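Colleague: Starting from these lines, generate the structure:
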Amino acid sequence: MFDSNIYDKVIANEALFVQLRSLIDSNQLEIVSTHIQLDELGRIENNAKRESALAVPSTIVPTMGFVLDVSRLDMACLDGGNPEIIEYEQIQKGNLKHVEDALIALTAHHEADVLVTEDNKLINKIKATKTKLTLWKFEEFKSFLDSVKNNGSR
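Modeller: As a prediction, the model looks like this:
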């Protein structure tokens, strides 16, 4: 799963974007997203940049959690209170500016193997939860793609 800040980096690197699309098209890689990322990308003012970011292929999954005035009713579900997962409050910490980050983190924990983000504060909050969710910066994601290209497999 990509945090919203990763899409800029993906679309800025045409070779990486082509490689990413090829891996997705051949079912070697799946990028999952929520309506949160799509909503954030949809607010990009530059039309060309917005269209490019929204063109990054992904499978849309419901957010793991529901927050009034943020979540879409038909694109959210409740987490069931599993103590083995990241809890919403551990990421949001009472700050309404971090609602989207919390929903992305919870959803990544349930639906993805890796969360790719450049947000150091989010990384630190997630690490503090002692979750098993793997966190990568963009350079680590690029290294992963290079290893896939060089090995011909995931």
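
Colleague: can you pull out the helices in this protein?
Modeller: Assigned by DSSP state H, the helices in the chain fall at 6-12, 14-25, 35-42, 47-54, 88-92, 99-111, 120-128, 138-151.

Colleague: for stretch 116-134, which positions count as buried?
Modeller: Buried residues in stretch 116-134, counted by 16 or more other C-beta atoms under 10 Å: 116-117, 119, 122-123, 125-126, 131, 133. From N, CA and C alone the C-beta is placed, and that goes for glycine too.

Colleague: My error: substitute stretch 140-154 in the last question.
Modeller: By neighbour count on 16+ other C-beta under 10 Å, the buried set for stretch 140-154 is 141-142, 145, 148.

Colleague: avg pLDDT for that stretch?
Modeller: On average, the pLDDT along stretch 140-154 is 81.

Colleague: Touching that stretch from outside, list them.
Modeller: The contact list for stretch 140-154 (C-beta atoms under 8 Å, 6 or more residues apart in numbering) reads 6, 13, 16, 19-20, 23, 28-29, 114, 116, 136.

Colleague: now this protein, which segments are flagged as low pLDDT?
Modeller: Filtered on pLDDT under 70, the chain yields the residue ranges 65-69, 71-72, 78-98, 152-154.

Colleague: just to revisit the earlier point, can you tell me which of the helices of the chain is most buried?
Modeller: helix 99-111 (a mean of 24; mean count of other C-beta atoms under 10 Å).

Colleague: Let me know the angle separating it from helix 35-42.
Modeller: Helix 99-111 and helix 35-42 are oriented at 130 degrees to each other (axes from the mean of the first three to the mean of the last three C-alpha atoms, to 10 degrees).

Colleague: Please state the offset of helix 99-111 from the chain centre?
Modeller: 8 Å (C-alpha atoms, centre = their mean, to the nearest Å).

Colleague: other SSEs contacting it?
Modeller: On a contact count with 3 or more C-beta pairs under 8 Å, 6 or more residues apart in numbering; DSSP states H and E, helix 99-111 meets helix 35-42, strand 63-64, helix 88-92, strand 114-116, helix 120-128.

Colleague: switch to 10 Å and redo it
Modeller: Packing partners of helix 99-111 (3 or more C-beta pairs under 10 Å, 6 or more residues apart in numbering; DSSP states H and E): strand 32-33, helix 35-42, strand 63-64, strand 76-77, helix 88-92, strand 114-116, helix 120-128, strand 134-136.
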